[in-house]
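**Student:** 3D, please:
(3 chains)
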Amino acid sequence: MRYGIEDVINGIRALAEGLGDVTIMEVCGTHTHSIRRFGIPSILPSNIKLVSGPGCPVCVTAQEDIAAALDIADQEDVIFTCFGDMMRVPCGNASLYSLYESGRDIRLVTSPLDALEIAKANPGRQVVYFAIGFETTAPHTAALIEAANNQKVENISILNTHKTMPQALQALLSGQKKINALLCPGHVASVIGANAFRFVPEKLNLPAAVSGFEAYEILAAVLKIIELCRYNRVDCVNMYPGVVTADGNRRAVELMYRFMEPADAVWRGLGIIKKSGLKLRREYARFDALARFEITHRKPEEPKGCICARILRGDKTPDECARFGKDCTPDTPFGPCMVSSEGSCAAYYQYRD
Amino acid sequence: MDDKITLAHGSGGEKYRELVREVFLPAFSNEYFDPLNDAAVLDGGAKIAMTTDSFVVKPLFFPGGDIGSLAVSGTVNDLAVSGARSAYISVGMIIEAGFETAVLLKIVDSIAKTAREAGVRVVTGDTKVIENRGASDGIYINTAGVGVFEPDRPIPPQKIEPGDRIIVSGCIASHGMAVMNARENLGFSPPIESDAAPLGKMVRTVLENPKNAVRAMRDPTRGGVAATLCEWVSQDTDIVLYENALPIKPEVSAACRLLGMDPLFIANEGVILFSVPENCADSVLNSLKSTEQGKNAAVIGEVKPGSGKVIAKTEFGARRRIVMPRGELLPRIC
Amino acid sequence: MCLAVPGKIIKIEDSDAIVDYGGVTKRASLRLVDNAAVGDLVLVHAGFVIQVLDKDEGEELQRLVDETMRML
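**Tutor:** Residues are numbered from 1 along each chain as shown, chains lettered A, B, ... in the order given. Sure thing, here's the model as predicted:
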């Protein structure tokens, strides 16, 4: 028979009955968003809890990187391009959006290649692409550099804040007890492969499932995780078949590493995590915006009383923060999790009960 | 007439007269407008409605409309939802020096055409020209509108009651996505069309049927359907929204999905939201469906006793709260 | 993270695919995949096709769900 969404929900309820508390961490902003949007917490049994980890690239982008973006975007003759996601992230009193309002040339793009087209159309000006995201987006940046290099477009550079997921998860989840299972990000996995998440059962000793983003897909992955918990099996099951293969997209990964190499990265709220970032290889370092504009990282102050770092670790939920919904709202965000519409705090706020 | 609008055209001198004579008068001519007095003297009924709205849309032209058609539709729709019949509008323009007269003529033409379609007359206007702020492509339009109430026709109280059904007159989010696609060069093909249109006739079709009663009507523009519903709920009501009943064109839905945007929060210019007593929901729906602009109308929710929440129900029974949208929506990629 | 949307390739122009998302089409780069053809269902993220989808995805997920449901 074919199982519909109701069957899966009933399956989760049956398997979860009598089981202790199970806290599942999801590490993808689109998971956070879909889970809230579909109202999934409202239909799960009370002993199954979903918490959001550091999966939203906007949230984990360090304040010094935002400050660098503002320093570059505020320069005369620069065309600064970024995804809509980054526009409103504040740093002190400014954001890319406030610079745009004051007349700076800041343009939304939906693909890094849009930035290349803008550079070609404006040969007398410097175009900067704000490269954010995990392995799903990093190959795109590599493709941009490749195209710029091949086509000899030299008036483009990237502000690179790319990060890699497995290293961060390993650093974050080693030796902790609060998280019992992991819902692995389907689109990251579609690039790096389901096998890249084998470390979750093997090194962290946690059950896991790779999940898609529709309500049915998320619930099916939760069902599989509860089954693993119920029968004390520690495994990582690919519940996004057809999109995610064991090895992922080799061509994309190969391109990514041809232009970039692993480097230490600063995660907002989490600090420096070894080899969890990607930097341009030396041959392509001339495309690095920090060098081109001679920007030195300045360290802005983190907002006071903000518990985003603990939320990103899955220690706390947004409603446990004293500032949540009071003076920290999507209009006046303090911490990274409220800034991004995909952040846990913003998603909680947007879809609060 | 010169090829470019210059500061002189805003000066009130001969150039200004020329602008009025050659651009506005031919387009808007009628017995109220033609005297060109400081204020138009109008025939009014006992009770009138008045509204004003300013239009700063970019780009000026987008698939399905332009700043001119929008300036008329926006204002007459505000009048329509008050229950009044739109009668007169004013058109005030602020134009950047250097603006192409040919473009201005196109916009004015669109205003005139939309006004005819809406059955309103442009009765007064004003123009100021400001210094060029960049590309000489700036034009901002303010329209004010006056509507009259037909005698003996009940005026919607604009208050929802428990038991009411919420009806939307057509597919949502088309306008906002059309403008965004055009402005940000998102490259959707075929381009998404705005549904901006004057809706007075459709609203009158509903109000003229004696079987119909309407508790509240709203034109869900900025902030989309979500903003109107959030404004409607009071301390002792909830609105439950049936999410899968929302009519939306497939191309608009696909564009929203691609940009990570929720259609509930996207601006509309061609739909009206109604809250109607349960016992006339069917009849209001039928009245709407009998009109061209209301053919996709649907019941999308109901009002319940509650505590001021708007709650969307998904197809498998999960619930999520809808809260007032904030700021301009931006596409989300990652 | 990562908003990726499935669509169908209806045309290939040089190294780009024209992808239909059910009513609208948009151009996407094929630089990250090497086996895409007209008619393929693909996953697109930020202007690039990142994966050619297996047409039996639904069936395979059903099989995985079935595995669990049998235990009940």
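
**Student:** Now B:Met50: closest residue in space that isn't a chain neighbour?
**Tutor:** B:Val146 (5.2 Å; CB to CB, 6 or more residues apart in numbering or on different chains). All C-beta atoms are positioned from the backbone trio N, CA, C, and that covers glycine.

**Student:** Beyond the helix or strand where the one you found lies, next helix or strand please.
**Tutor:** Counting by DSSP states H and E, the element that carries B:Val146 is strand B:139-148. Tracing the chain past strand B:139-148, the next element assigned as helix or strand by DSSP H and E is strand B:165-168.

**Student:** for the helix or strand following that next one, packing partners?
**Tutor:** Next along the chain after strand B:165-168, taking DSSP H and E as the criterion, comes helix B:174-183. On a contact count with 3 or more CB pairs under 8 Å, 6 or more residues apart in numbering or on different chains; DSSP states H and E, helix B:174-183 meets strand B:61-62, helix B:250-259.

**Student:** export these to TSV and tack on mean pLDDT, distance to chain C and mean neighbour count?
**Tutor:** Formatted as TSV, the helices and strands packed on helix B:174-183 follow (pLDDT from 0 to 100; distance: least, CB to the nearest CB, whole Å; neighbours: other CB atoms under 10 Å in any protein chain shown):
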stretch	mean pLDDT	distance to chain C	mean neighbour count
strand B:61-62	96	15	20
helix B:250-259	92	3	22
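
**Student:** closest to A:Arg107 out of the ones you listed?
**Tutor:** helix B:250-259 (15.4 Å; CB to CB).

**Student:** Would you list the strands that the next helix or strand after the closest one pairs with, along with their directions?
**Tutor:** Counting by DSSP H and E, the next helix or strand C-terminal to helix B:250-259 is strand B:273-276. Its sheet considered, strand B:273-276 pairs with strand B:165-168 (antiparallel), strand B:216-218 (antiparallel) by DSSP bridges.

**Student:** Need the winner for burial among these.
**Tutor:** strand B:165-168 (a mean of 24; mean count of other CB atoms under 10 Å in any protein chain shown).

**Student:** Which residue is the nearest non-sequential neighbour of A:Ile224?
**Tutor:** Check again: residue A:224 is Lys, not Ile. Leaving out its chain neighbours, the residue that sits closest to A:Lys224 by CB to CB, 6+ apart is A:Ala209, at 4.6 Å.

**Student:** contacting residues around A:Asn155?
**Tutor:** A:Ala119, A:Asn122, A:Pro123, A:Gly124, A:Arg125, A:Gln126, A:Val127 (CB atoms under 8 Å, 6 or more residues apart in numbering or on different chains).

**Student:** Show me what the strand holding B:Val146 is packed up against.
**Tutor:** Applying 3+ CB pairs under 8 Å, 6+ apart, one finds that strand B:139-148 makes contact with strand B:48-55, helix B:67-80, strand B:85-96, helix B:101-118.

**Student:** between that strand and strand B:85-96, how big is the angle?
**Tutor:** 160 degrees (axes from the mean of the first three to the mean of the last three CA atoms, to 10 degrees).

**Student:** can you tell me the average pLDDT over strand B:139-148?
**Tutor:** Strand B:139-148 shows a mean pLDDT of 95.

**Student:** Around chain C, pick out the residues from chain B.
**Tutor:** Within chain B, the residues that sit near chain C (CB under 8 Å from any CB of the partner chain) are B:186-190, B:192, B:249-255, B:257-258, B:260, B:332-334.

**Student:** Now the stretch 51-200 of chain A against chain B: closest residue?
**Tutor:** A:Gly84 (3.3 Å; CB to the nearest CB).

**Student:** On the three-state scheme, the nearest residue to that residue once chain neighbours are set aside is what?
**Tutor:** Spatial nearest neighbour of A:Gly84, chain neighbours left out: B:Leu330 (3.3 Å); criterion: CB to CB, 6+ apart. Classification of B:Leu330 using DSSP: H, G, I helix; E, B strand; the rest coil returns coil.

**Student:** next one: A:Cys184
**Tutor:** Secondary structure of A:Cys184, reduced to three states by three-state DSSP: strand.

**Student:** Which parts of the chain belong to which domain?
**Tutor:** Just going to use chain A. A:5-53+A:166-238, A:58-164+A:248-292, A:308-350 (automatic domain parsing).

**Student:** right idea, wrong chain: chain B
**Tutor:** Using automatic domain parsing, chain B is parsed into the domains B:7-148, B:165-322.

**Student:** weakest of these in terms of mean pLDDT?
**Tutor:** Taking the mean pLDDT of these, domain B:7-148 comes last: a mean of 90.

**Student:** Straight-line length of that one, end to end?
**Tutor:** Using CA to CA, to the nearest Å, the span of domain B:7-148 from its first residue to its last is 37 Å.

**Student:** what are the phi and psi angles of A:Gln151?
**Tutor:** phi -90, psi 0 (degrees, to the nearest 10).

**Student:** What ranges does the stretch 201-334 of chain B have for its strands?
**Tutor:** B:216-218, B:237-242, B:273-276, B:298-305, B:310-313, B:319-322 (DSSP state E, counting those that start in this stretch).

**Student:** B:Val225: which of the helices and strands packed on helix B:174-183 is closest?
**Tutor:** Using CB to CB, these put helix B:250-259 closest to B:Val225, at 12.7 Å.

**Student:** Just the buried ones from the contacts of A:Asn155?
**Tutor:** The neighbour-count test (16 or more other CB atoms under 10 Å in any protein chain shown) marks A:Ala119, A:Gln126, A:Val127 as buried among these.

**Student:** what about dumping the CA coordinates of stretch A:39-55 to CSV?
**Tutor:** What follows is stretch A:39-55 as a C-alpha-only set of coordinates in CSV (Å, rounded to 0.1, in the frame of the first residue of the first chain):
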residue,chain,number,x,y,z
GLY,A,39,3.3,23.3,11.6
ILE,A,40,5.1,20.0,12.1
PRO,A,41,5.8,20.5,15.9
SER,A,42,2.0,20.7,16.5
ILE,A,43,1.5,17.2,15.3
LEU,A,44,4.5,15.4,16.8
PRO,A,45,4.1,13.5,20.1
SER,A,46,5.3,15.6,23.0
ASN,A,47,8.4,13.4,23.6
ILE,A,48,9.7,14.2,20.2
LYS,A,49,11.4,17.6,20.0
LEU,A,50,12.9,19.3,17.0
VAL,A,51,15.6,21.9,17.6
SER,A,52,17.5,24.0,15.1
GLY,A,53,21.3,23.9,14.9
PRO,A,54,23.8,26.0,13.0
GLY,A,55,22.3,25.4,9.5
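
**Student:** orientation of the longest strand belonging to chain C relative to helix B:250-259 in degrees?
**Tutor:** Under DSSP state E, the strand in chain C containing the largest number of residues is strand C:5-13. Inter-element angle recorded for strand C:5-13 and helix B:250-259: 100 degrees (by the same axes, to 10 degrees).

**Student:** Just checking: what are the partner strands of strand C:5-13?
**Tutor:** Counting by DSSP bridges, strand C:5-13 is paired with strand C:16-20 (antiparallel), strand C:41-45 (antiparallel).

**Student:** Enumerate residues external to that strand that contact any of its residues.
**Tutor:** Outside of strand C:5-13, the residues within contact range by CB under 8 Å, 6+ apart are B:254, B:257-258, C:17-22, C:25-28, C:30, C:36-45, C:49, C:53.

**Student:** Now that strand: buried residues?
**Tutor:** C:Val5, C:Pro6, C:Gly7, C:Lys8, C:Ile9.

**Student:** same check, this time on stretch B:90-107
**Tutor:** Buried residues in stretch B:90-107 (16+ other CB under 10 Å): B:90-99, B:101, B:103-104, B:107.
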